[in-house]
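Colleague: model this:
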Amino acid sequence: MGSIAGTRRKRPVPHRSPRTHGTTKEAILDSAELLFADDDVSTVTMRAIAESAGVDPASVTYHFGGRAELVSAVLRRRHAALRDHRMSALAVLLAEATEIPTAHQILDTVYRPWFELVGSGDHGWRAFSKLISSTLSSGVPDDLRDDDGHWEETLVAALCRAHPEADERTVRQALLLTAGAAVSFVSPQAMGEGNGHRGRAGDPELDYQRFLHFVSSGFESMVSAPVG
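Modeller: Residues are numbered from 1 along each chain as shown. Down below sits the predicted model:
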């Protein structure tokens, strides 16, 4: 995986033509994603998105309605792709494991795909992660919930098997806390601020392993703690 680099300065979003960059809806989503991530969502106008996408402003309203619907569409698009990566990683782990997988191994299937996508060179994943960070301040959006429940239920069931001493409610609470830590970890990576400490070039994989150890230890501590 390549190094994660970036800058906090806003970069201009190039004018796009839907005739040469996919469909009109894709052009709008791509432009909205970058603009929403670089600015406060409430200050980004539909006209600015249309201009960046190379489409008429009426097209934005036609395809998505208002700003709230467009933000939801932007979030759903990459979250669905991320969920598919996670589901595949979890399925491989469960299929190949000769023993009950540990929480450390299971949580790796949740967070490594996100970490690697942010570091893949696709600026859209960085924009998505920055947008996640800003929207989570008001709670978990419905757009980030598992649509059909299959992945989430499989994940929770695997974690419950790893820690049979814990009830499902506690497992879900601990999992939610790891998600909060992941946002704090991945978002600086998305903004190019996670490349090391005290001016030294960092090792992204080492940074990730430290993060995974942190969230796994925290998860296991919470689900194993005696109640009362």
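Colleague: what domains does the record give for this structure?
Modeller: 10-65, 76-224 (automatic domain parsing).
Colleague: quick check: mean pLDDT of the first one?
Modeller: Domain 10-65 shows a mean pLDDT of 80.
Colleague: how far away from the center of its chain is that domain?
Modeller: 21 Å (C-alpha atoms, centre = their mean, to the nearest Å).
Colleague: how about stretch 123-135?
Modeller: 7 Å.
Colleague: for that stretch, buried residues please.
Modeller: 123, 124, 125, 126, 127, 128, 129, 130, 131, 132, 133, 135 (16 or more other C-beta atoms under 10 Å). C-beta coordinates here come from the backbone N, C-alpha and C atoms, glycine included.
Colleague: Throw those residues into JSON lines and include distance to residue 38, thanks.
Modeller: Formatted as JSON lines, the buried residues of stretch 123-135 follow (distance: C-beta to C-beta, whole Å):
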{"residue": "123", "distance to residue 38": "11"}
{"residue": "124", "distance to residue 38": "12"}
{"residue": "125", "distance to residue 38": "15"}
{"residue": "126", "distance to residue 38": "10"}
{"residue": "127", "distance to residue 38": "8"}
{"residue": "128", "distance to residue 38": "12"}
{"residue": "129", "distance to residue 38": "13"}
{"residue": "130", "distance to residue 38": "8"}
{"residue": "131", "distance to residue 38": "10"}
{"residue": "132", "distance to residue 38": "14"}
{"residue": "133", "distance to residue 38": "13"}
{"residue": "135", "distance to residue 38": "14"}
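Colleague: next secondary structure after the worst-scoring helix or strand of the chain on mean pLDDT?
Modeller: Least confident helix or strand, the chain: helix 123-135 with a mean of 83, by mean pLDDT, DSSP states H and E. Following helix 123-135 in sequence order, the next helix or strand is helix 150-162 (DSSP states H and E).
Colleague: ok, then the element right after that next one?
Modeller: helix 168-190.
Colleague: and that next one, what does it pack against?
Modeller: helix 103-118, helix 123-135, helix 150-162, helix 204-224 (3 or more C-beta pairs under 8 Å, 6 or more residues apart in numbering; DSSP states H and E).
Colleague: ok, and for the third one, which residues are buried?
Modeller: What that stands for is helix 150-162. 151, 152, 154, 155, 156, 158, 159, 160, 162.
Colleague: from residue 123, how far out is the most centrally placed residue in the chain?
Modeller: Nearest residue to the geometric centre of the chain (C-alpha atoms, centre = their mean): residue 129, 5.1 Å. Here residue 129 is placed at a distance of 11 Å from residue 123 (C-beta to C-beta, to the nearest Å).
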